[in-house]
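Trainee: I'd like to go over a predicted model; first the sequence, then the structure.
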Amino acid sequence: MTDLVRLSHHHGITTEYDDPSGEGTRPVPEATLRLILRKIGVDPDGPIDGPAAPQKMEVPEDGVCHFPEWLERAPGWGVFCQLYELRSARNHGIGDFTDLSEMARIAGRAGADFLGVNPLHALFPGDPSRRSPFFPSTRSFLSPVYIALDALAGHDPADIDAGALRAKDLVDYDAVVPAKLSALRAAFERRPFDGDEAAFETFVQEGGTPLYRHALFEALSLAMSAEGHGAGWQGWPEAMRDVEGPQVADFAEKNAQEIRFHLWLQWQATRQLDAAQACAHEAGMRIGLYLDLAVGEAPDGSASWGGGETQMTELAVGAPPDVFASEGQYWGLSAFNPGTLAARDFAPFRDMIAAQLAHAGALRIDHAMALWQLFLIPDGEPASAGAHLRYPFSELLRVLAHESRAREAVVIGEDLGFVPPGFREAMQAANILSYSILYFEKEGDRFKRPEEYRPTALACLSTHDLPVLERWWAGEDIALRRELGLVGEADSDAHARERTRERRALLDAMRRAGALRGRLPRQKEMPQEVLVAAHRYLARTRAALVGVRLADMVGPKAPTNMPGTVDDYPNWRPRAPLDLSDIATHPDFRAVTAMMRFERPRDA
């Protein structure tokens, strides 16, 4: 073992990983080890000193998250939706916070205890094509595109052509974002306050430097994009990349009102999101809004520009090669620098979590394994050149648990894919719910029985990366992957045969569990009985929470996101086929929610 390998092990960097062939291991390139060591503040040629990275997952006494008493007595359920997909007669081609309030009322009155949504993080208004909610500019602030225009005192309907935007079946971000931004600016210039300017000033003061720097980034990003430099700071002139540089200070002085506009946008977004949470509770929800936290941030966004010392630069998050992806996966996201986090007493992580839980009763952490380790890939290198870096697990848990208890918020950890040994047990000890997807909960060829599900889990049919049950049932997701060139003909045919077996296995499992009775009608489309039975099956599991996708009940049936595609498929764009006002009376919505109320009543 070389000194570099010993040093890497001491600081929590893996020096090899399993070969996807199953034969032996692959060494991590020396250049990768040296780069990661330098980034966390360690001399690659220096001695082994300083505290060692954690060698096992320890859950401290104060690292246990909030878990409500009512949920210990009886399980609950809720509804998932993508906020942008909501359609209403008053929005502007994209779901907004007023739509979120109304959807919370609808779901709450139907008996749901939570309404889950996609990440609401700030994206890039200067480049609307960057629409993935899981590739944000920053996770600490909100996307202003969700602000409801008609809730603003200064809004004039003549400022935007709402009809043209509403008519489309896909969210047209290239049209919606600039149109809404223009209307927001007009409202700000016309009547920014309605006797509540003091509240705005308090909001700005409490937001401090991080909020101001984000507003400055937004103003600068739009200006740089207009000049052809792009919305992300890595394409800007060198002088504009330094948040503390003289030219940035000069820009800030000359554009003070524009920066104030972006501060105002954050204030309005925060107020409207808070109002949606209040509506959820008024409708009877015991959890309310369930927000989603992306695993990282864009390397050229607000987070890395305004607080770059907290980010791992020159390295991106991904996944190592395995049997499912022989070349590995490159996600392109930047991650926190564990060395800097510790030096700052974990303030950046604490502030990020607090920003989410300020508006929610539950938080889903995407790729929760990041609390323990992340696979980091040097810029410009293949995923096979990456290495895992260990994070201060116990300390991060303490912060997360403190914020969870302070806000009485439930925490869910998305633990799909490769899960390190012992991680789920640590999650359970920390009161972090696991994620159980019906499609994947199998033992060999059979679906797990309801009593075999983990009680400390949230169970659901699928996620935003998977097809709704109707498309899964028909194998349309397999055909689409083949059409998009994501799988070859032979693999596609094999997957189709496997789906036929899975469909039979699911029917058998549902019948054995008493979730489905009687003969199914002979028809090409999936019968409503199967949709209801599948959710009844989940409702009867031991999982503490069950989530029902709005898309499964009313649509859109088209995939939310097709992993492996960028421009070949309209990811994050499909809109609901019906208006919010028609959801509560839709036959599938009524059938599924009535069954959920019966199986998981609030008064149990």
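Mentor: Done, it's in.

Trainee: C-alpha from now on. contacts and neighbour counts both.
Mentor: OK.

Trainee: pretty sure His9 is in contact with Thr15, am I right?
Mentor: Yes: His9 lies in contact with Thr15 (Cα atoms under 8 Å); the separation is 7.4 Å.

Trainee: which of those two has more neighbours?
Mentor: For His9 versus Thr15, neighbours defined as other Cα atoms under 10 Å are more numerous around Thr15 (22 against 19).

Trainee: for the stretch 401-550 of the chain, what spans make up the helices?
Mentor: Secondary structure of the stretch 401-550 of the chain, counting by DSSP state H, counting those that start in this stretch: helices at 423-429, 469-474, 476-483, 489-512, 528-539, 550-553.

Trainee: Output these in CSV; the columns should cover distance to Leu371 and mean neighbour count.
Mentor: CSV is the format used below for the helices of the stretch 401-550 of the chain (distance: least, Cα to Cα, whole Å; neighbours: other Cα atoms under 10 Å):
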stretch, distance to Leu371, mean neighbour count
helix 423-429, 10, 18
helix 469-474, 31, 19
helix 476-483, 32, 17
helix 489-512, 34, 15
helix 528-539, 28, 22
helix 550-553, 30, 24
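
Trainee: Next, format those as TSV and append mean pLDDT and distance to Pro378.
Mentor: Putting the helices of the stretch 401-550 of the chain into TSV (pLDDT from 0 to 100; distance: least, Cα to Cα, whole Å) gives the following:
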stretch	mean pLDDT	distance to Pro378
helix 423-429	98	26
helix 469-474	98	37
helix 476-483	97	29
helix 489-512	96	32
helix 528-539	98	41
helix 550-553	99	38
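
Trainee: who wins for proximity to Gly232 among those?
Mentor: When the helices of the stretch 401-550 of the chain are compared by Cα to Cα, helix 476-483 sits nearest Gly232, at 31.0 Å.

Trainee: helices or strands up against the closest one?
Mentor: helix 489-512 (3 or more Cα pairs under 8 Å, 6 or more residues apart in numbering; DSSP states H and E).

Trainee: What is the neighbour count of Ala167?
Mentor: Ala167 has 13 neighbouring residues, counting by other Cα under 10 Å.

Trainee: Also Arg190?
Mentor: Arg190 has 13 nearby residues by other Cα under 10 Å.

Trainee: that older thread, columns distance to Glu58 on top of the helices of the stretch 401-550 of the chain, output as JSON lines?
Mentor: Shown next, in JSON lines, are the helices of the stretch 401-550 of the chain (distance: least, Cα to Cα, whole Å):
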{"stretch": "helix 423-429", "distance to Glu58": "7"}
{"stretch": "helix 469-474", "distance to Glu58": "38"}
{"stretch": "helix 476-483", "distance to Glu58": "40"}
{"stretch": "helix 489-512", "distance to Glu58": "37"}
{"stretch": "helix 528-539", "distance to Glu58": "31"}
{"stretch": "helix 550-553", "distance to Glu58": "37"}
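
Trainee: Point out the one among those that comes closest to Lys39.
Mentor: Closest to Lys39 of the helices of the stretch 401-550 of the chain is helix 423-429 (Cα to Cα; 25.9 Å).

Trainee: what's the closest one in contact with?
Mentor: The contact list for helix 423-429 (Cα atoms under 8 Å, 6 or more residues apart in numbering) reads Met57, Glu58, Val59, Val64, Met369, Gly413, Asp415, Leu433, Ser434, Thr456.

Trainee: So which of the residues you listed is the closest to Arg407?
Mentor: Arg407 has its nearest neighbour among those in Val64, at 13.4 Å by Cα to Cα.

Trainee: Number of residues surrounding that closest one?
Mentor: Around Val64 there are 22 other residues, counting by other Cα under 10 Å.

Trainee: try the one 3 residues further on
Mentor: The number of residues packed around Phe67, counting by other Cα under 10 Å, is 18.

Trainee: Next one: it from Leu545, what distance?
Mentor: According to Cα to Cα, to the nearest Å, Phe67 and Leu545 sit 12 Å apart.

Trainee: ok, now Met553?
Mentor: Taking Cα to Cα, one finds Met553 at 18 Å from Leu545.

Trainee: Return the residues in contact with Phe234.
Mentor: Careful, residue 234 is Gln and not Phe. Arg241, Asp300.

Trainee: To Leu216, which of the helices of the stretch 401-550 of the chain lies closest?
Mentor: Between Leu216 and the helices of the stretch 401-550 of the chain, the shortest gap by Cα to Cα is with helix 550-553, which sits at 36.7 Å.

Trainee: Could you list every helix and strand that the closest one packs against?
Mentor: With contacts defined as 3+ Cα pairs under 8 Å, 6+ apart, helix 550-553 has these neighbours: helix 587-599.

Trainee: okay, the helix it packs on in CSV with CA atoms only?
Mentor: The C-alpha coordinates for helix 587-599 follow below in CSV (Å, rounded to 0.1, in the frame of the first residue of the first chain):
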residue,chain,number,x,y,z
PRO,A,587,-63.5,9.0,-11.9
ASP,A,588,-60.0,7.6,-11.2
PHE,A,589,-59.2,10.3,-8.7
ARG,A,590,-62.4,9.6,-6.9
ALA,A,591,-61.9,5.9,-6.9
VAL,A,592,-58.3,5.9,-5.7
THR,A,593,-58.7,8.5,-3.0
ALA,A,594,-61.9,6.9,-1.7
MET,A,595,-60.1,3.6,-1.3
MET,A,596,-57.1,5.3,0.4
ARG,A,597,-59.5,7.0,2.8
PHE,A,598,-61.0,3.7,3.7
GLU,A,599,-57.6,1.8,4.0
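
Trainee: Show me the contact partners of it.
Mentor: The contact list for helix 587-599 (Cα under 8 Å, 6+ apart) reads 77, 110-112, 528, 531-532, 535-536, 539-540, 553-554, 583-584.

Trainee: Arg34 should be in a helix, yeah?
Mentor: Yes: using DSSP: H, G, I helix; E, B strand; the rest coil, the assignment for Arg34 is a helix.

Trainee: His388 bridge partners, please.
Mentor: Beta bridges link His388 to Phe375, judged by DSSP bridges.

Trainee: Kindly provide the distance from it to Ala104.
Mentor: From His388 over to Ala104 the distance is 40 Å, taken as Cα to Cα.

Trainee: more neighbours, these two?
Mentor: Set side by side, His388 and Ala104 show more neighbours around Ala104, with 30 against 24, by other Cα under 10 Å.

Trainee: quick one: the more buried one from Asp274, how far?
Mentor: 12 Å.

Trainee: Give the buried residues for the helix or strand Ser182 falls within.
Mentor: Assigned by DSSP states H and E, Ser182 belongs to helix 173-190. By 16 or more other Cα atoms under 10 Å, the buried positions in helix 173-190 come out as 173, 176-181, 183-188.

Trainee: Kindly reformat those residues as JSON lines containing distance to Gly361 and pLDDT.
Mentor: Formatted as JSON lines, the buried residues of helix 173-190 follow (distance: Cα to Cα, whole Å; pLDDT from 0 to 100):
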{"residue": "Tyr173", "distance to Gly361": "29", "pLDDT": "99"}
{"residue": "Val176", "distance to Gly361": "30", "pLDDT": "99"}
{"residue": "Val177", "distance to Gly361": "29", "pLDDT": "99"}
{"residue": "Pro178", "distance to Gly361": "32", "pLDDT": "98"}
{"residue": "Ala179", "distance to Gly361": "32", "pLDDT": "98"}
{"residue": "Lys180", "distance to Gly361": "29", "pLDDT": "99"}
{"residue": "Leu181", "distance to Gly361": "29", "pLDDT": "99"}
{"residue": "Ala183", "distance to Gly361": "31", "pLDDT": "99"}
{"residue": "Leu184", "distance to Gly361": "29", "pLDDT": "99"}
{"residue": "Arg185", "distance to Gly361": "31", "pLDDT": "99"}
{"residue": "Ala186", "distance to Gly361": "34", "pLDDT": "98"}
{"residue": "Ala187", "distance to Gly361": "31", "pLDDT": "98"}
{"residue": "Phe188", "distance to Gly361": "31", "pLDDT": "98"}
